[in-house]
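S.K.: Give the three-dimensional model of this entry:
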Amino acid sequence: MRTNRIGRLAAVLVGLEGLGLVALTVWQILAIVSGDTASIDSAIALVVLTAVGAAAVLAFAVAVWRDRSWARSGAIVTQLLILAVALGAATGAYAEPAVALAIAAPALVTLVLLILAVREAGRASRDEASA
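M.R.: Numbering: from 1, shown residues only. So this is what the prediction gives:
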């Protein structure tokens, strides 16, 4: 079964988030190379974790495109984590509401699309079972 248009749009948005993480990984590597880090050990660990996260999010995007249910679940969790980061950016001593909004808006749109894709997949599964 091929995924629907909503699922494909969600996959594209999740893929863009994954590419954003790839860009962040490259930026972190450039910071290490230029000596713009306080602790090289922590910086390397952060690069590794960011790269692993980027690989996971990109895998979710590909699998959502291929209509795999596990990927929709993983992508939904990813959106919730992004929203948690946005909440952190909106609160605290160094709150930046504009940054929080810029982080939260795409995550909310993607979350809604993923939930709609889950509903459509369930509807299609029920239709196949009854046929």
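
S.K.: what about Leu83, distance to Thr37?
M.R.: Look at Leu83 and Thr37: by CB to CB, to the nearest Å, they are 28 Å apart. The C-beta positions use only the backbone N, C-alpha and C, and glycine is treated the same way.

S.K.: Also Asp127?
M.R.: 54 Å.

S.K.: Quick check: Arg70 touching Ala63?
M.R.: For the record, residue 70 is Trp, not Arg. Yes. With contact defined as CB atoms under 8 Å, Trp70 reaches Ala63; the gap is 6.8 Å.

S.K.: Mind checking which of those two has more residues around it?
M.R.: Ala63 (19 against 11; other CB atoms under 10 Å).

S.K.: unless I'm mixing things up, that one is touching Ala56, no?
M.R.: No. The pair Ala63 / Ala56 is not scored as a contact, 10.5 Å apart, by CB under 8 Å.

S.K.: hey, what's in contact with both of these two?
M.R.: Residues within reach of Ala63 and of Ala56 at once, by CB atoms under 8 Å, 6 or more residues apart in numbering, are Gly74.

S.K.: May I see the buried residues of the lengthiest helix in the chain?
M.R.: With secondary structure taken from DSSP state H, the chain has its longest helix at helix 97-130. Residues 100, 103-104, 106-107, 110-111, 113-114, 117-118, 120-121 are the ones in helix 97-130 that count as buried (16 or more other CB atoms under 10 Å).

S.K.: what helices or strands is that helix leaning on?
M.R.: Counting contacts by 3 or more CB pairs under 8 Å, 6 or more residues apart in numbering; DSSP states H and E, helix 97-130 packs against helix 5-33, helix 69-90.

S.K.: Determine the angle, from 0 to 180 degrees, between it and helix 5-33.
M.R.: On the basis of axes from the mean of the first three to the mean of the last three CA atoms, to 10 degrees, helix 97-130 is oriented at 140 degrees to helix 5-33.

S.K.: relative to helix 69-90, how tilted is helix 97-130?
M.R.: Interaxial angle of helix 97-130 relative to helix 69-90 (the same axes, to 10 degrees): 160 degrees.

S.K.: Kind regards, and thank you for your time.
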